[in-house]
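# this one's structure only:
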């Protein structure tokens, strides 16, 4: 059954959707990073758009949705192939990497991210981050948020951690991340937060529930696999998944 909620404590909400049959209590939480906790997807888009324009090619928001959540070099392979750029994926990756290193330290938190993380931590809910970013990029993004991200039990990198054999939309990163919790919870006891369609597919393939907070340009059909779709972390209600309410 699809349940639509017309309002929330913060005002009218028209894009909340949940498949009620899927919802059950969880004990652990895994967060994606880019576009979910940190406003870095905008940086990825702007850098890739800039590089593609240099070669007189258009990098659109619609195409960006297909590359979101994908490991860096794999995303560059998709871009170079689809747009037929006159360089290798490795060259595109290296050019973009230089620009990212300038941008990532200024990354800001997405609305509701800090409130939710500190709330879950205060109630001793185990939390972790699972991101396709490399360790080096993760550290840059954490520059102004070390205190907040120190509350995580661990951080798994889909690019740098050898245990993650396949990138999103494969389930590897979430299964590896869950296995690193002290009590190694069953997948059905883990709630994933994602913004990207590839991340949602990965979480579902791992047997986990997933709350999606998509950008406006993500089409409806790419939101359909999420357990819950929200316009912002600000309106998330933890008690729906058996977590302590705000």
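It's in. Just so you know, these numbers come straight off a predicted model, no measurement behind them.

# tell me the SS of the closest residue to residue 156 other than its chain neighbours?
Nearest non-adjacent residue to residue 156, counting by Cβ to Cβ, 6 or more residues apart in numbering: residue 177, 4.3 Å away. (Glycine included, C-beta is placed from N, CA and C.) What DSSP: H, G, I helix; E, B strand; the rest coil gives for residue 177 is helix.

# I'd guessed residue 177 sits against residue 30; true?
Yes - applying Cβ atoms under 8 Å as the test, residue 177 and residue 30 come out as touching, 5.3 Å apart.

# Near the closest residue to residue 134 other than its chain neighbours, how many other residues are there?
Spatial nearest neighbour of residue 134, excluding adjacent residues (Cβ to Cβ, 6+ apart): residue 159 at 4.2 Å. Per other Cβ atoms under 10 Å, the neighbour tally for residue 159 reads 19.

# next one: residue 101
Residue 101: 12 neighbours (other Cβ under 10 Å).

# Can you give me the distance of it to residue 136?
Using Cβ to Cβ, to the nearest Å, residue 101 is found at 8 Å from residue 136.

# hmm, back to that, and the residue nearest to residue 156, how many neighbours?
Close neighbours of residue 177, defined as other Cβ under 10 Å, add up to 28.

# Now do it against residue 198, distance only.
Taken as Cβ to Cβ, the span from residue 177 to residue 198 is 16 Å.

# Residue 189: what's it in contact with?
Taking Cβ atoms under 8 Å, 6 or more residues apart in numbering, we find residue 189 in contact with 25-28.

# Narrow those to just the buried residues.
Among those, those scoring as buried are 26-28 (criterion: 16 or more other Cβ atoms under 10 Å).

# Can you tell me the SS state at residue 128?
Counting by three-state DSSP, the backbone at residue 128 sits in strand.

# ok, now which ones touch it?
Taking Cβ under 8 Å, 6+ apart, we find residue 128 in contact with 28-31, 152-156, 177, 180-181.

# measure the closest residue to residue 149 other than its chain neighbours to residue 203 for me?
Counting by Cβ to Cβ, 6+ apart, residue 149 lies nearest to residue 142, which is 5.2 Å off, once chain neighbours are set aside. Counting by Cβ to Cβ, the separation of residue 142 from residue 203 is 22 Å.

# Which of the two has more residues huddled nearby?
Set side by side, residue 142 and residue 203 show more neighbours around residue 203, with 31 against 20, by other Cβ under 10 Å.

# What residue in the chain is the furthest from its centre?
For the chain, the residue at maximal distance from the C-alpha centroid (Cα atoms, centre = their mean) is residue 86, at 30.2 Å.

# Thank you, goodbye.
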